[in-house]
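**Q** have a look at this fold, sequence not included:
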């Protein structure tokens, strides 16, 4: 089969300039953008082969997925016209399909078209495997044709982020929790090895909740209260300047929720007991800002296996906060940070954040994840 020189890159249009810059790095300066499809995909002509990417790494920061066009089928209203070219691509391999509509307006959903094509292929002897296929084919339905594609980069994210979450039956607290789930999957983080986690800027609790689900004991730092009844903790200790509001205090049984104030002399001992106890999945929430005097309480709690930061602030400020708290993280501990890129110059500000982090962290990777908005996620490890 003659290799096609056509590609489709899925991007976030808010980072179009950065994505095009990365595509030129991966495909060569001679690559040409032919069209944008539905503000989420670029149709590209390129003669160069994609640059090889180490297994498990994030090949690009701002390109979600890069697909090679293997065949194009004119669309005349009959999706089954794609079955014969699909059989040629499958060539005896077990397969899975992912269908996405990019400019084709019809009454059928992408999922229903996927089922029609899959059943037709199985009826002609092809073997479907939805969980561990030898070949995944992406069927992209445009206004003029059907593009049959395969992935060119080792990115573990489905091109349809919402259907991927629905298939996983994962029940997140909020969108933020999905960002951390995607970071763990993409970067290959051994989340089960994290026993003690520090979550900076934690409210409303998505990242803390993800870590609690995976058995970590979490210390959250945020000046806002959280809805503790929605968090999957085995027990919760809330330390604030004043007692919990009545509605929050009554949201959990007394056996699971303990409210304390910073002025109580017993607070350090109670928290240390919670962190050192055999029970995993406990939550301690310090209701204060990370830079406040109350946060100094963290210094007596020992070291953490991971530090997280999804604060709604400038990326440089978030990076400096992680550096200021680096002494609380063990050597080799994981750091995950969202860099909010609201004011343009996205690549420069992301690089600036990693330069700041470089004084205390190493081993950087960065990626604009499907559930990121105007932001990217940065991974690093404590020196």
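**A** Sure, I can see it. Since the model is a prediction, treat every value here as computed from it, not as a measurement.
**Q** and the next helix or strand past the lowest-mean-pLDDT helix or strand in the chain?
**A** Lowest mean confidence among the helices and strands of the chain (mean pLDDT, DSSP states H and E): helix 161-168, at a mean of 51. Next in sequence after helix 161-168, counting helices and strands by DSSP states H and E, comes helix 175-187.
**Q** so which elements touch that next one?
**A** For helix 175-187, the helices and strands in contact under the criterion 3 or more CB pairs under 8 Å, 6 or more residues apart in numbering; DSSP states H and E are helix 206-213, strand 329-340, strand 361-367, strand 375-382. C-beta here means a position set from N, CA and C on the backbone, and glycine is covered the same way.
**Q** buried deepest among the ones you listed, which one?
**A** Counting by mean count of other CB atoms under 10 Å, helix 206-213 has the highest mean neighbour count of these, with a mean of 26.
**Q** centre of the chain versus that one, how much separation?
**A** Distance, stretch centre to chain centre, for helix 206-213: 14 Å (CA atoms, centre = their mean, to the nearest Å).
**Q** show the subsequent helix or strand relative to it.
**A** Of the helices and strands lying after helix 206-213 in sequence (DSSP H and E), the nearest is strand 217-221.
**Q** and that following strand, average pLDDT?
**A** Average pLDDT, strand 217-221: 95.
**Q** what sits up against it?
**A** 195-203, 205, 208, 211-212, 226, 233, 271, 274-275, 280-286, 288-290, 295, 298, 301, 304 (CB atoms under 8 Å, 6 or more residues apart in numbering).
**Q** tilt between that strand and helix 206-213?
**A** Computed by axes from the mean of the first three to the mean of the last three CA atoms, to 10 degrees, the angle separating strand 217-221 from helix 206-213 equals 170 degrees.
**Q** adjacent strands (with direction) for strand 217-221?
**A** Here strand 217-221 is paired, per DSSP bridges, with strand 196-200 (parallel), strand 282-286 (parallel).
**Q** that strand: what's the following helix or strand?
**A** Remark: after strand 217-221, the chain's next helix or strand is strand 235-240, criterion DSSP H and E.
**Q** so which elements touch that following strand?
**A** On a contact count with 3+ CB pairs under 8 Å, 6+ apart, strand 235-240 meets strand 257-261, helix 267-276, strand 282-286.
**Q** pull out the buried positions in that strand.
**A** Buried residues in strand 235-240, counted by 16 or more other CB atoms under 10 Å: 235-240.
**Q** ok, back up a step: how about the helices and strands packed on strand 235-240 in TSV, adding distance to residue 114?
**A** Output for the helices and strands packed on strand 235-240, formatted as TSV (distance: least, CB to CB, whole Å):
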stretch	distance to residue 114
strand 257-261	45
helix 267-276	47
strand 282-286	40
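**Q** buried deepest among these, which one?
**A** Most buried of the helices and strands packed on strand 235-240 by mean neighbour count (mean count of other CB under 10 Å) is strand 282-286; its value is a mean of 26.
**Q** for the helix or strand following that one, name the packing helices and strands.
**A** Moving toward the C-terminus from strand 282-286, the next helix or strand (DSSP H and E) is strand 304-309. Contact partners of strand 304-309 among helices and strands, from 3+ CB pairs under 8 Å, 6+ apart: strand 196-200, helix 206-213, helix 315-324, strand 329-340.
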